[in-house]
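Chemist: everything below, folded, please.
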Amino acid sequence: MTGVITASAPSCIAPFTGLSPRCFAKLVTALRSEGADEGRRGRPWRPPLENRVLLVTTYWRTNLTLRQLAPLLGISKSAADRVIRHLGPLLALRPRKRFRKDTVLIVDGTLVPVRDHTVAEQSKNYRYSTNHQVVIDADTRLVMVVGRPLPGNRNVCKAWELSGAKAAVGRTTVVADGGYRGTGLVIPHRRERGQYELPAWKEEHNASHRQVRARVEHAFARMKAWKILRDCRLKGDGVHHAMSGIARLHNLVLSG
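Modeler: Alright, predicted model coming up:
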C-alpha cells in the first residue's frame, strides 16, 4: 500500500508535524546519532527512520486516531502503534543537569486531559487530567525540565516536589505563581492579614513578576498546538512521553 504522505516530500512536513523541513532534518539526525535507528532483534522496521519520525510527530500534532493515521503512511494500524510505542520515548526531552549561576527559571503546572483513568483524576477543569510541572529558562524560553505526570487533583506544591522537577533544578533561582507558597520559590508579594493594599514598591515587583511569569504560559500555548495535549488517548507512560517529546519539538522550533 502506498502512503499519502512521506518525509521525502518537504511539503508534507510542516502541515502535519509543525516543524520546518530544516528542523525535521535536524531532529532525524539527532535521533540517528542517539541510536534510534540501530538494528534490533526481530523483523526490521519497514518504514525508514524519517517516516517513523513523521508518523509520531504527525500523531502528536493532529491527534488523529491510528485508524486514520496509518493509511496516510501506507502501514497497518498495528505497525503504527508499534512505531509510536518504540519511538515516542526516544523523542523525549533530556533535562539539563547543570545551570549557570545567573540562570533564572520559571515553573508552572498545566493540565492534560487523559482518557486513561489509572493515571488521571478529575481536576479543576472537571475532566480526568494529569498535572505536568514544566520548567523553562526565563531568558531563552526553552523548556528545561518536564516533571513526571501526577493526577490532576494534586496540589501544585506537592506536584513540584513529587514530579521530580524540584530535584532537577537544584538550587537554581525559580520564579512561580502564588500557588507555590512555602516551596522557597520566588512568588508574588501578598497582603498581610488586615492589610488592604500593598505598598507601591511591592505592586511594582508583582507587575514585573507577572510579565516574566507569563513566558511559561506562552510556552504552554505553543506546546498545545500539538493537539494530543488537548485530549490524550495514550495509556500509562504515553502521556509523559508525549509531553516530553513535544517539549523537545517546542525547543527545536524556538531555536530554529
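
Chemist: Leu93 versus the closest residue in space to Gln133 that isn't next to it in sequence, what's the distance?
Modeler: Residue nearest to Gln133 in three dimensions, not counting chain neighbours: Gly147, with 3.7 Å by C-beta to C-beta, 6 or more residues apart in numbering. The way it works is simple: take the backbone N, C-alpha and C, and place the C-beta from them, glycine included. Per C-beta to C-beta, to the nearest Å, Gly147 is found 11 Å from Leu93.

Chemist: now do the strands in the stretch 151-256 of the chain.
Modeler: Secondary structure of the stretch 151-256 of the chain, counting by DSSP state E, counting those that start in this stretch: strands at 173-175.

Chemist: and for the stretch 1-150 of the chain?
Modeler: For the stretch 1-150 of the chain, strands defined by DSSP E, counting those that start in this stretch occupy the ranges 104-113, 121-122, 128-137, 143-146, 150-151.

Chemist: worst mean pLDDT among the ones you listed?
Modeler: For these, the weakest mean pLDDT is recorded on strand 121-122, namely a mean of 92.

Chemist: and that one, what does it pack onto?
Modeler: Applying 3 or more C-beta pairs under 8 Å, 6 or more residues apart in numbering; DSSP states H and E, one finds that strand 121-122 makes contact with strand 128-137.

Chemist: name every strand pairing with the strand it packs on and say which way it goes.
Modeler: Strand pairing for strand 128-137, determined by DSSP bridges: strand 104-113 (antiparallel), strand 121-122 (antiparallel), strand 143-146 (antiparallel), strand 150-151 (antiparallel).

Chemist: grab the CA positions of that strand and hand them over as CSV.
Modeler: C-alpha atoms of strand 128-137 as CSV (Å, rounded to 0.1, in the frame of the first residue of the first chain):
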residue,chain,number,x,y,z
TYR,A,128,-9.8,13.4,34.1
SER,A,129,-6.4,15.0,33.7
THR,A,130,-2.7,14.8,34.6
ASN,A,131,-0.7,17.6,36.2
HIS,A,132,2.6,18.3,34.4
GLN,A,133,5.2,20.6,36.0
VAL,A,134,7.2,22.4,33.3
VAL,A,135,10.3,24.5,33.9
ILE,A,136,11.5,26.9,31.3
ASP,A,137,14.5,29.2,31.0
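
Chemist: distance check, Arg100 against Asp139.
Modeler: Relative to Asp139, Arg100 is positioned 10 Å away (C-beta to C-beta).

Chemist: what stretches of the chain score poorly on pLDDT?
Modeler: Low-confidence segments of the chain (pLDDT under 70): 1-3, 39-45.

Chemist: just checking, what packs against the helix ranked longest in it?
Modeler: Taking DSSP state H as the criterion, the chain has its longest helix at helix 200-223. Packing partners of helix 200-223 (3+ C-beta pairs under 8 Å, 6+ apart): strand 104-113, strand 128-137, strand 173-175, helix 238-255.

Chemist: can you do 10 Å?
Modeler: strand 104-113, strand 128-137, strand 143-146, strand 173-175, helix 238-255 (3 or more C-beta pairs under 10 Å, 6 or more residues apart in numbering; DSSP states H and E).

Chemist: of all these, which one comes closest to Ser208?
Modeler: Evaluated with C-beta to C-beta, those place strand 173-175 nearest to Ser208, the distance being 10.2 Å.

Chemist: report all helices and strands that the closest one contacts.
Modeler: strand 104-113, helix 200-223.

Chemist: quick one on the thing from earlier: let me know which of the strands paired with strand 128-137 is tucked in deepest.
Modeler: Most buried of the strands paired with strand 128-137, by mean neighbour count (mean count of other C-beta atoms under 10 Å): strand 143-146, with a mean of 24.
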